[in-house]
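In: structure for the following, please:
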Amino acid sequence: MIMFPLDTLEAWILNLQWAMPWALLMLPLPLLMRQLPPYREAQNAVRVPFFERLLEASEARRERGAMTPRRLRSQQLLVVLMWLALVLAAAKPQWVGDPIEQQKAGRDLMVAVDLSGSMETKDFTNQAGEQVDRLTAVKSVLARLANERPGDRLGLIVFGNQAFLQSPFTEDHRTWYTLLEETRIRMAGPSTSLGDAVGLAIKLFRDADTDNRVLLVLTDGNDTGSMVPPVDAARIAASERIKIYPIAIGDPSAVGEEAIDKKTLLRMAEVTGGQAFEALDRGQLDAIFKLLDDLEPSVFESVSFRPQVDLHWLPLAAVVLLYLVMRLFFGLARYQPATRRADL
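Out: Model prediction:
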């Protein structure tokens, strides 16, 4: 004898749900139909003048009534089971699996990189001690950002005369860094449109679905032609719950368009609740990114869902099978004697 474990049965019941449970209200419908008066259909009859002779010849008695086939209990049971299966199929049973949890990025981090002409100044060193330009140093540090922050969705904006989207928000950090590697100095123009870069970032953040929004700006100059001043753009960013972390790169003693506007960068950070930094060499740049890990640690959001499998086809298959069985019973019932029900 095969025993069905009770805990397995309980788990099966708990994992079963109905997409349209209101359909189960149709179960007692046949019982209500039985309370209605039977349907009677009037038909024309043919008057036979020699009917009495037919009765005498057949030795039959004069009666009023109808011939009804005998209904077997098994046939009644099949009809009940078919109705039950149809109602269960209409209720759309579903098997709900065990919860599955997935981790997804919890923060959108947009990186805006200055590609103006001053970024070609070679006042940084790489890990080998060689002199490299500022953009090369920025790329090497951002490589660590891509590798060490798996919980963030990264985006990339490059700006010069204008701001351009290089990469939308993505969890594919390898592709993001490949797009960063393809950037070149002056490819967006020789000037610095810092305010436009912030404005473009605001537009992209509005389309994002996370509340953790951070804008990281790396620039070595001052704003030279934005349509919206950087501080005004920062105020709009603050209303969108965006934190800005400006990082000033290069020589603070530079003059003219290449001079770093530290006052503006500091004000942008204060307005949005971020923090401004200054990196004069590769060591300071590395230290800034380590500090950013403390200020804005990686955030993960857990998403839980339960897979669902529709099972309505099972009761429908049972209906087809029961119908075939019922047709078989009807075929056998033809050989059963009929009963005469008197209608006096």
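
In: shaky segments in this structure?
Out: Along the chain, the parts satisfying pLDDT under 70 run over 1-13, 38-48, 50-51, 54, 59-72, 100-106, 251-259, 296-305, 331-344.

In: try 50
Out: Counting by pLDDT under 50, the chain has low-confidence residues at 1-4, 65-68, 338-344.

In: could you chop it up by domain?
Out: Following automatic domain parsing, the chain resolves into domains at 68-96+307-344, 103-303.

In: what packs against the lengthiest helix in the chain?
Out: Among the segments of the chain that qualify as a helix by DSSP state H, the longest is helix 313-333. Counting by 3 or more Cβ pairs under 8 Å, 6 or more residues apart in numbering; DSSP states H and E, the packing neighbours recorded for helix 313-333 are helix 73-90. (Glycine included, C-beta is placed from N, CA and C.)

In: same for the helix or strand following the helix it packs on, what does it pack against?
Out: Next in sequence after helix 73-90, counting helices and strands by DSSP states H and E, comes strand 93-96. Applying 3+ Cβ pairs under 8 Å, 6+ apart, we find strand 93-96 packed against strand 16-18, strand 308-310.

In: winner for burial among those strands?
Out: Counting by mean count of other Cβ atoms under 10 Å, strand 16-18 has the highest mean neighbour count of those, with a mean of 14.

In: not counting that one itself, show me its contacts.
Out: By Cβ atoms under 8 Å, 6 or more residues apart in numbering, the list of residues contacting strand 16-18 from outside reads 24, 91, 92, 93, 94, 95, 96, 311.

In: wait, doesn't the first one sit right on residue 87?
Out: Spelled out, that is residue 24. Yes. Judged on Cβ atoms under 8 Å, residue 24 makes contact with residue 87 at a distance of 6.3 Å.

In: please compute how far the host helix or strand of residue 52 lies from its chain's middle.
Out: If you go by DSSP H and E, residue 52 is part of helix 51-58. Distance of helix 51-58 from its chain centroid, counting by Cα atoms, centre = their mean, to the nearest Å, is 81 Å.

In: next: stretch 134-145.
Out: For stretch 134-145, the distance to the chain centre is 34 Å (Cα atoms, centre = their mean).

In: over to stretch 309-317?
Out: Counting by Cα atoms, centre = their mean, stretch 309-317 comes out at 26 Å from the chain centroid.

In: list the buried residues for it?
Out: 311, 312, 315 (16 or more other Cβ atoms under 10 Å).

In: ok, now stretch 30-39?
Out: Buried residues in stretch 30-39 (16+ other Cβ under 10 Å): none.

In: which stretches in the stretch 101-250 of the chain count as helices?
Out: 134-148, 173-181, 194-206, 230-239 (DSSP state H, counting those that start in this stretch).

In: most tightly packed of these?
Out: Taking mean count of other Cβ under 10 Å, helix 194-206 is the most buried of the helices of the stretch 101-250 of the chain, at a mean of 22.

In: which residue sits closest to residue 281, ignoring its sequence neighbours?
Out: residue 124 (6.2 Å; Cβ to Cβ, 6 or more residues apart in numbering).

In: before we move on, the earlier item: just the C-alpha atoms of the longest helix of the chain, please, in CSV.
Out: The C-alpha trace of helix 313-333 is given here as CSV (Å, rounded to 0.1, in the frame of the first residue of the first chain):
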residue,chain,number,x,y,z
TRP,A,313,-5.6,22.3,-18.5
LEU,A,314,-5.8,19.4,-16.0
PRO,A,315,-9.5,19.7,-15.2
LEU,A,316,-10.2,20.3,-18.9
ALA,A,317,-8.4,17.1,-19.8
ALA,A,318,-10.5,15.4,-17.1
VAL,A,319,-13.7,16.7,-18.8
VAL,A,320,-12.7,15.3,-22.1
LEU,A,321,-11.9,11.9,-20.5
LEU,A,322,-15.1,11.8,-18.5
TYR,A,323,-17.1,12.7,-21.6
LEU,A,324,-15.7,9.8,-23.5
VAL,A,325,-16.5,7.5,-20.6
MET,A,326,-20.1,8.9,-20.5
ARG,A,327,-20.6,8.3,-24.2
LEU,A,328,-19.5,4.7,-23.6
PHE,A,329,-22.1,4.3,-20.8
PHE,A,330,-24.8,5.8,-23.1
GLY,A,331,-24.0,3.2,-25.7
LEU,A,332,-24.3,0.5,-23.2
ALA,A,333,-27.5,2.0,-21.8
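
In: contact partners for the residue lying closest to residue 235 once chain neighbours are set aside?
Out: Of all residues not flanking residue 235 in the chain, residue 271 sits nearest, at 5.5 Å (Cβ to Cβ, 6+ apart). Contacts for residue 271 were tallied using Cβ under 8 Å, 6+ apart; they are 231, 234, 235, 237, 238, 244.

In: repeat the analysis, applying 6 Å as the threshold.
Out: 234, 235, 238 (Cβ atoms under 6 Å, 6 or more residues apart in numbering).

In: tally of neighbours for the closest residue to the last one other than its chain neighbours?
Out: Looking back up the chat, that one is residue 238. Counting by Cβ to Cβ, 6+ apart, the nearest residue to residue 238 once its immediate chain neighbours are dropped is residue 272, at 4.6 Å. Residue crowding around residue 272 was assessed by other Cβ atoms under 10 Å; the count is 25.

In: isn't residue 272 up against residue 241?
Out: No. In this structure, residue 272 is not within contact of residue 241 by Cβ atoms under 6 Å, at 8.9 Å.

In: any quick ChimeraX command for the buried ones out of the contacts of strand 16-18?
Out: Only the buried entries of the contacts of strand 16-18 go into this ChimeraX selection, using 16+ other Cβ under 10 Å:
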select :91,92,93,94,311
